[in-house]
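*Asks:* Next input, structure requested:
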Amino acid sequence: MSRIERIRAIKEIISGKKISSQEELLNELAKRGYSVTQSTISRDIKHLRLTKTRNYKQEEYYSIESRTIDGKIFDPAKFKSKFNESVISA
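*Replies:* The predicted structure is shown next:
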C-alpha cells in the first residue's frame, strides 16, 4: 500500500479514535493491513503535524493540527517561504 494511502488511513484513524501512542497507531494500521515500523509512524506524525491534545480528563491523544483562515488551510511554513521570496533586501 502506498504512502498516500497510509497517510489517509492515519487521518481517518486519528479523526475517529483517541490514539495516545505510536504503538496504538501501529496496531490500528495493522488492523487495516499496513505493515510499518515505528520509525515510519514517527515520520508520518511529523509530516501530518499531529499534536498531542489533552481533554478535560487530562487524557492525551493525537490530533490533526488545523490552522484555517477564511476556510482555507494556513501553512505557516509556506507563508514564511512566500514572504521571504517577496521581501526585497535593502
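*Asks:* Averaged over its residues, which helix or strand of the chain has the lowest pLDDT?
*Replies:* Ranked by mean pLDDT, DSSP states H and E, the weakest helix or strand in the chain is strand 68-69, scoring a mean of 50.
*Asks:* How many neighbouring residues does Ile19 have?
*Replies:* 20 (other CB atoms under 10 Å). The way it works is simple: take the backbone N, C-alpha and C, and place the C-beta from them, glycine included.
*Asks:* Can you say which helix or strand has Ile19 in it?
*Replies:* Ile19 belongs to no helix or strand when assigned by DSSP states H and E.
*Asks:* Can you give me the distance of it to Leu50?
*Replies:* 9 Å (CB to CB, to the nearest Å).
*Asks:* what's the overlap in contacts for those two?
*Replies:* Tyr62 (CB atoms under 8 Å, 6 or more residues apart in numbering).
*Asks:* what are the ranges of the helices in this protein?
*Replies:* Under the criterion DSSP state H, the chain contains helices at 3-16, 22-31, 38-48, 76-86.
*Asks:* okay if I get these as a markdown table plus mean neighbour count?
*Replies:* Shown next, in a markdown table, are those (neighbours: other CB atoms under 10 Å):
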| stretch | mean neighbour count |
| --- | --- |
| helix 3-16 | 14 |
| helix 22-31 | 15 |
| helix 38-48 | 14 |
| helix 76-86 | 9 |
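*Asks:* Where does pLDDT dip in the protein?
*Replies:* Counting by pLDDT under 70, the chain has low-confidence residues at 66-85, 87-90.
*Asks:* For the spatially most central residue of the chain, list the residues it contacts.
*Replies:* Per CA atoms, centre = their mean, the C-alpha nearest to the average position across the chain is that of Leu48, at 2.6 Å. Residues in contact with Leu48, defined by CB under 8 Å, 6+ apart, are Ile7, Ile10, Lys11, Ile64.
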